[in-house]
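Peer 1: give me a model of this one.
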Amino acid sequence: MAFFDVDGTLIDTTIVHYFIYYKLRRMPRWKACLWYPCFMGKCLAYLALDKFNRRLLNTIFYRNYAGLPVREIKSAAADCVRYISRSRWLGGAREKIQEHRDRGDRIVLVTGSLDFLMAPLAEELGGASVLAATLEEQGDRFTGRLVGEPVIAEEKRRKVLEFAAQNAIDLTQCHAYGDSSADLPMLEAVGFPHAVNPDRRLRAVARRCGWAIHDWLQCEGLS
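Peer 2: Here you go, the predicted structure:
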């Protein structure tokens, strides 16, 4: 298997990009012009929190989905991912995925982004498996709470170990790709870790351990 983080590893995106898409598509232009700069100011606080505690950031950020209609949001998932990712794929990402597919490796997306958003992306990549975050639903609305833990750090590792056990896969023969020190537990779980555009800590660990390091530039994606 080849396990891939998504945001920052395959595509130059964050969980914020997807939410902004949903909010703006549901607003008249005049209201969007007022909301967007205010939300960008709020994102400065999210950025600071991300550096301090990404797990807490994910928990707090997904509260923004509270009250949004489940059917409407999920039905727009494919359009959302297509729109957000079309010019944000990192050069080398698609090629590396295809390289693994050509070798017969199973592709698995392991991400803190939402499962219903990753489903159309997985389909686009030829039927990849998805280990992602799930939003709680109550009736026809999202509550803004996650089902289980945010899929970062040790939770990523736990999901990878569980998935490998369920599929009788030897992780020492598997690859994993991540861009952040938050991906370290997942990368350490496999025999062939890869650091993609790594942050300072991950780059230091990759160099010390002799892991593969990929510096992929943003490129024009497929529409």
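Peer 1: can you tell me the strand partners of the top strand by length along the chain and which way each runs?
Peer 2: Assignment by DSSP state E gives strand 107-114 as the longest strand of the chain. Strand 107-114 has its sheet partners listed here by DSSP bridges as strand 2-4 (parallel), strand 129-133 (parallel).
Peer 1: what angle separates the helix or strand that it is followed by from strand 129-133?
Peer 2: Sequence order places helix 115-124 as the next helix or strand after strand 107-114, per DSSP states H and E. With axes from the mean of the first three to the mean of the last three CA atoms, to 10 degrees as the basis, helix 115-124 and strand 129-133 are set at 160 degrees to each other.
Peer 1: now the longest strand of the chain: mean pLDDT?
Peer 2: Averaged across strand 107-114, the pLDDT comes to 98.
Peer 1: how about E155, what does it touch?
Peer 2: For E155, the contact set (CB atoms under 8 Å, 6 or more residues apart in numbering) comprises 148-149. Just so you know, the C-beta spots here come from the backbone N, C-alpha and C atoms, and that holds for glycine as well.
Peer 1: actually, R201.
Peer 2: 181, 184.
Peer 1: re the thing from before, and the contacts of the longest strand of the chain?
Peer 2: Contacts to strand 107-114, defined as CB under 8 Å, 6+ apart, come from residues 1-7, 15, 18, 54, 58, 62, 97, 100-101, 118, 121-122, 125-126, 128-135, 150-152, 156, 159-160, 163, 176, 186.
Peer 1: likewise stretch 134-146?
Peer 2: Contacts to stretch 134-146, defined as CB under 8 Å, 6+ apart, come from residues 58-59, 62-71, 73, 114-115, 133, 147-148.
Peer 1: show me those residues that map onto helices.
Peer 2: Counting by DSSP state H, the part of the contacts of stretch 134-146 found in helices is 58-59, 70-71, 73, 115.
Peer 1: determine the set of other helices and strands touching the longest helix seen in the chain.
Peer 2: Criterion DSSP H: the longest helix present in the chain is helix 29-52. With contacts taken as 3 or more CB pairs under 8 Å, 6 or more residues apart in numbering; DSSP states H and E, helix 29-52 sits against helix 15-25, helix 54-61.
Peer 1: this completes my enquiry, with thanks.
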